[in-house]
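Enquirer: coordinates for the following, if possible.
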Amino acid sequence: MLSRPIKDGVDYFPLDTGFFIDDKVRLLRAQFGAKGMYALFYILCELYAKNGYFMKWDKNKCYLVSDGAGCGCDPGFLAELINGCVRCSFFDERVFNGFGVLTSAGIQRRFLRMLKNRDEIEIIKEYWLLDLSSKKDVPPGVLNKLTLKSFKSSENPDKSSENPDKSSENPQRKVNESKVNESKNSSCSEQNKSAHEPITFLPLSDGTYYAIYQKDIDLWEDTYPKVSVFLELKKMISWFDANPKKKKTKQGIRRCINGWMARCQEKGGSSDYSPSLSNTVDYTDAERYAGEKEGDPNEF
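Expert: Predicted coordinates:
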């Protein structure tokens with residue numbers, strides 16, 4: 001009789017009682033609200049259940065999570081949520097930018113402790129974020145079961161049971177050197193990749209999102225030198241969240257952005273800018289939008 005294969009993931013994961021007072025979580029809740037917290041829990045549940053300590057994240061995965069989570073968690077919202085998680089270090093930035101993977105040191109610590117009864121534990125070396133020599137990171141009972149293997153090489157994986165503390169070469173040094181080499185080899189590709197990835201998203205009147213790229217921010221920073229463009233875009237996201245009926249169409253959003261930036265520039269820049277929105281134009285209204293090109297180019 002064949003034994004049931006050991007799955008990679010786990011059936012449950014512990015939630016710290018201080019989860020909601022952690023600064024990273026507070027920042028995410030302030031920006032993405034209750035829907036963001038729900039989506040984050042959904043992602044964590046799938047992460048722990050399938051691979052145990054990581055999740056591959058790409059466009060297809062974004063759509064699959066959106067379909068599975070529901071509750072208005074559209075792909076644009078999820079993409080912005082993940083970017084926010086990386087910015088505040090909820091997920092590790094190096095691993096995300098280098099491999100398109102969601103993980104963190106905290107997730108890996110919890111995962112190792114949940115697998116203390118398994119005979120073998122395999123971790124992909126490129127995603128590894130812990131210190132093999134630290135008992136806080138890797139408990140002694142787990143160390144001899146742990147194998148770091150690379151998905152880039154067909155060579156035999158580094159088995160930590162080979163007395164890592166007594167060997168002539170510190171295994172953590174090997175991990176660190178691997179990280180440095182990976183960083184050097186992937187730096188150019190990451191730069192090229194980042195140029196084609198959205199920086200943030202603005203919500204539109206039809207429920208979709210308008211992607212903002214680095215080239216857009218560079219253009220607006222050149223045009224409006226006194227303006228902190230990224231800060232003002234975040235203000236716009238917050239304002240649209242508070243005024244959903246004022247969201248713009250896909251055709252009108254760039255004119256709206258330029259109007260916002262121009263007003264900020266005229267007021268002296270981002271530091272003392274407090275936008276006056278009493279005379280805003282609602283481009284979600286078809287009749288008002290029809291005459292858009294004839295209006296004041298600085299009118300928001």
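Enquirer: run through who's touching stretch 38-52.
Expert: 8-13, 28, 32, 53-55, 65, 68-69, 71, 73, 77-78, 81, 85, 90, 102-103, 107, 111, 115 (C-beta atoms under 8 Å, 6 or more residues apart in numbering). (C-beta placed from N, C-alpha, C; glycine too.)
Enquirer: 7 Å - rerun?
Expert: With contact meaning C-beta atoms under 7 Å, 6 or more residues apart in numbering, stretch 38-52 is reached by 8-10, 13, 28, 54-55, 65, 69, 71, 73, 78, 81, 102, 111.
Enquirer: what's around Leu130, how many residues?
Expert: By other C-beta atoms under 10 Å, the residues close to Leu130 number 17.
Enquirer: that one contacts Gly106, correct?
Expert: No. Applying C-beta atoms under 7 Å, one finds Leu130 not in contact with Gly106, separated by 10.0 Å.
Enquirer: just give me the closest of the contacts of stretch 38-52 to Phe240.
Expert: In terms of C-beta to C-beta, no member of these lies closer to Phe240 than Leu81, at 16.1 Å.
Enquirer: looking at this, that closest one is in a helix?
Expert: Yes. Looking at Leu81 with DSSP: H, G, I helix; E, B strand; the rest coil, it is inside a helix.
Enquirer: pLDDT weak spots in the stretch 101-250 of the chain?
Expert: Low-confidence regions of the stretch 101-250 of the chain, defined here as pLDDT under 70, cover residues 152-196.
Enquirer: quick one: the helices in it?
Expert: Under the criterion DSSP state H, counting those that start in this stretch, helices of the stretch 101-250 of the chain are mapped to 105-114, 140-143, 171-195, 214-223, 229-242.
Enquirer: just checking, what packs against the fourth one?
Expert: Okay, so that is helix 214-223. Counting contacts by 3 or more C-beta pairs under 7 Å, 6 or more residues apart in numbering; DSSP states H and E, helix 214-223 is packed against helix 229-242.
Enquirer: show me which residues of stretch 203-213 are buried.
Expert: When burial is assessed from 16 or more other C-beta atoms under 10 Å, stretch 203-213 yields the following buried residues: 203-205, 209-210, 212.
Enquirer: same question, stretch 83-91
Expert: Result for stretch 83-91 [16+ other C-beta under 10 Å]: buried residues 83-86, 88, 90-91.
Enquirer: got a list of contacts for it?
Expert: For stretch 83-91, the surrounding residues in contact (C-beta under 7 Å, 6+ apart) are 24, 27-28, 31-32, 93, 96, 102-104, 200.
Enquirer: ok so, going back, so which of the buried residues of stretch 203-213 are in strands?
Expert: Of the positions in the buried residues of stretch 203-213, 203, 209-210, 212 sit in strands, assigned by DSSP state E.
Enquirer: export those to TSV and tack on distance to Lys125?
Expert: Written out in TSV, the entries for these read as follows (distance: C-beta to C-beta, whole Å):
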residue	distance to Lys125
Pro203	40
Tyr209	35
Tyr210	39
Ile212	35
